[in-house]
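>>> Structure for the following, please:
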Amino acid sequence: MTMDQHKILLVEDDREISEMLQNYLQTENYEVICAFDGEEACRLFAEDSFSLVLLDLMIPKRSGMEVMQQIRQGSYVPIIILSAKDTETDKTLGLALGADDYITKPFSVVEVLARIKANIRRTIQYDRVNADAAAAPELLTAGELSMNPVDYTVMKRGSKVELTAKEFEILKLLMLNPKKVYTKEQLYSLVWNDAYLGDENAVNVHISRLRNKIEDDSRNPRYVVTVWGIGYKLGEGL
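Coordinates of the predicted model:
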């Protein structure tokens with residue numbers, strides 16, 4: 001793999017689809033490693049380093065959801081779900097378990113390529129922001145929460161709160177600008193670093209997950225407060 005070449009783990013049991021995607025992505029200068037069941041996917045991921053995972057949900061031995069949960073135990077590598085399941089429930093569950101994107105079958109290889117580029121680009125930019133934060137450390141506080149942008153940790157009452165990258169970025173935006181109300185469109189553009197296409201699901205899911213982790217009562221949030229008809233802001237009087 002060259003310095004500018006990214007390695008992708010493709011988990012798809014349909015060998016025709018797998019071969020089609022592998023051949024196309026290789027012509028676009030990606031190295032593609034294929035897995036055809038969940039157990040093989042987990043083994044390959046543990047043995048190697050990948051820039052992104054393309055993951056079908058309906059695979060043998062271990063389901064795609066199980067594979068994603070395994071990966072998320074120790075990695076925030078971008079995961080794009082490929083699935084014939086296109087209900088909002090399936091999409092919401094996939095995002096809640098840690099997926100970064102969701103593509104329904106049938107799909108075009110051009111769309112898959114565009115999503116891959118967008119997710120890898122966001123990861124690179126996120127890493128750069130992390131490096132910049134390390135150069136200019138500052139402790140952010142709000143009520144019983146404290147955030148250290150240097151090591152990307154959040155503490156509440158002395159205990160560490162485990163947040164994903166996007167959950168952390170949402171909370172950091174609110175803590176950096178405690179009086180500002182962010183619309184869902186602004187949050188998506190800033191955190192996902194992508195054009196907002198009117199799909200509120202990604203923002204809603206991440207806000208819900210963030211509240212579950214930092215609020216005493218997620219149904220009556222004190223930190224991530226809804227401003228009805230507009231968006232979200234940091235709670236006042238913390």
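
>>> what about residue 10, helix or strand, and which?
Take DSSP states H and E as the rule and residue 10 turns out to sit in strand 7-11.

>>> count of neighbours near the spatially closest residue to residue 109 that is not a sequence neighbour?
Once its chain neighbours are removed from consideration, residue 109 has its nearest residue in residue 24; the separation is 4.5 Å (C-beta to C-beta, 6 or more residues apart in numbering). Backbone N, C-alpha and C define where each C-beta goes, glycine included. Other residues within reach of residue 24, judged by other C-beta atoms under 10 Å, total 15.

>>> wouldn't residue 24 be in contact with residue 113 here?
Yes: taking C-beta atoms under 8 Å as the definition, residue 24 is a contact partner of residue 113 at 7.3 Å.

>>> re the thing from before, pull out the buried residues from the helix or strand the residue nearest to residue 109 falls within.
Secondary structure from DSSP H and E places residue 24 in helix 15-27. Of the residues in helix 15-27, those buried under the neighbour-count criterion (16 or more other C-beta atoms under 10 Å) are 17-18, 21-22, 25.

>>> what's the helix or strand encompassing residue 68 packed up against?
For residue 68, the host element (DSSP H and E) is helix 64-72. Taking 3 or more C-beta pairs under 8 Å, 6 or more residues apart in numbering; DSSP states H and E as contact, the helices and strands that helix 64-72 lies on are helix 38-47, strand 52-56, strand 79-83, helix 88-96.

>>> Compare those and give me the one nearest residue 192.
For those, distance to residue 192 was read as C-beta to C-beta. The smallest value, 11.8 Å, belongs to helix 88-96.

>>> mean confidence score for that closest one?
Model confidence over helix 88-96, given as mean pLDDT, is 69.

>>> repeat for stretch 219-238
Within the predicted structure, the mean pLDDT of stretch 219-238 is 89.
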